[in-house]
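Student: this one's structure only:
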């Protein structure tokens, strides 16, 4: 059984106030090709910005549409109220979009934190290596000092016999190469520390930059409000609203064309 045909409402443009004719014509043109969600987006944005995108900007004042059938006036008034308030599906879409945006920003913040931790790990490893190398240098300097003390002791010891002179010479023959080796080891460690020290400045700069990037990314995350509820529920609301909008658009398209002041031409 076929669905009953929708009543066709025709307007006599000559009997309608010119301002109302202009208003209805402009409204029909602006709604042409838009689904409910698109029209709501336009109207809500216009209300927020008070700009010329307002779909109802040409509405006559007072708001009585002289010469327009009561059914059309009621429909337009209802449409205006709905578009200004939005809809559950628009609200759900907004919540879902907020969740997606916050998730994207959180991913960026996580990446910035990974970069920060990576630089921090490099600096930590460098500090550990630097402290270890410095400890090795201290040990080498201590060993060198002990060898030098032994040499001073040998040189300062009295040598009154041929045996004591021989023992002193043998001790020096053993200690002097060890002193040379200790001196070389000390020089190597000092050079190693000298090569490591300049690395701290650029790494600390990189750490500062990475910290600022993370703080900015984290602030961007917290600037987006946390949305409670399930995203699955909101996605379903949006889908249901889109389905209803398509049906309503299909059913009302002919009615809007018939209600246009130019429909009799």
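Tutor: On my side now, so go ahead. Nothing here was measured: the structure is a model prediction, and the numbers come from that model.
Student: can you pull out the helices in the stretch 51-200 of the chain?
Tutor: 70-85, 88-156, 162-196, 200-223 (DSSP state H, counting those that start in this stretch).
Student: Save the ones you listed as TSV, and put in mean neighbour count, distance to residue 54 and mean pLDDT too.
Tutor: Yep, even glycine has a C-beta here, placed from its N, CA and C like the rest. Putting those into TSV (neighbours: other C-beta atoms under 10 Å; distance: least, C-beta to C-beta, whole Å; pLDDT from 0 to 100) gives the following:
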stretch	mean neighbour count	distance to residue 54	mean pLDDT
helix 70-85	14	10	75
helix 88-156	15	17	91
helix 162-196	14	67	91
helix 200-223	14	29	96
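Student: Switch those over to JSON lines; also include distance to residue 46.
Tutor: Rendered in JSON lines, the data for those read as follows (distance: least, C-beta to C-beta, whole Å):
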{"stretch": "helix 70-85", "distance to residue 46": "9"}
{"stretch": "helix 88-156", "distance to residue 46": "14"}
{"stretch": "helix 162-196", "distance to residue 46": "63"}
{"stretch": "helix 200-223", "distance to residue 46": "25"}
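Student: Residue ranges of each domain in the chain, please.
Tutor: 13-86+238-259, 109-223 (automatic domain parsing).
Student: which one of those domains lies closest to residue 95?
Tutor: Of all the domains of the chain, it is domain 13-86+238-259 that lies closest to residue 95, at 9.5 Å by C-beta to C-beta.
Student: re the thing from before, indicate which one of the helices of the stretch 51-200 of the chain is closest to residue 60.
Tutor: helix 70-85 (11.4 Å).
Student: The closest one: how far from the chain's middle?
Tutor: 40 Å (C-alpha atoms, centre = their mean, to the nearest Å).
Student: what does stretch 233-242 give?
Tutor: 26 Å.
Student: before we move on, the earlier item: for the domains of the chain, give me CSV that also has distance to residue 229.
Tutor: As requested, the domains of the chain are exported to CSV (distance: least, C-beta to C-beta, whole Å):
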stretch, distance to residue 229
domain 13-86+238-259, 13
domain 109-223, 19
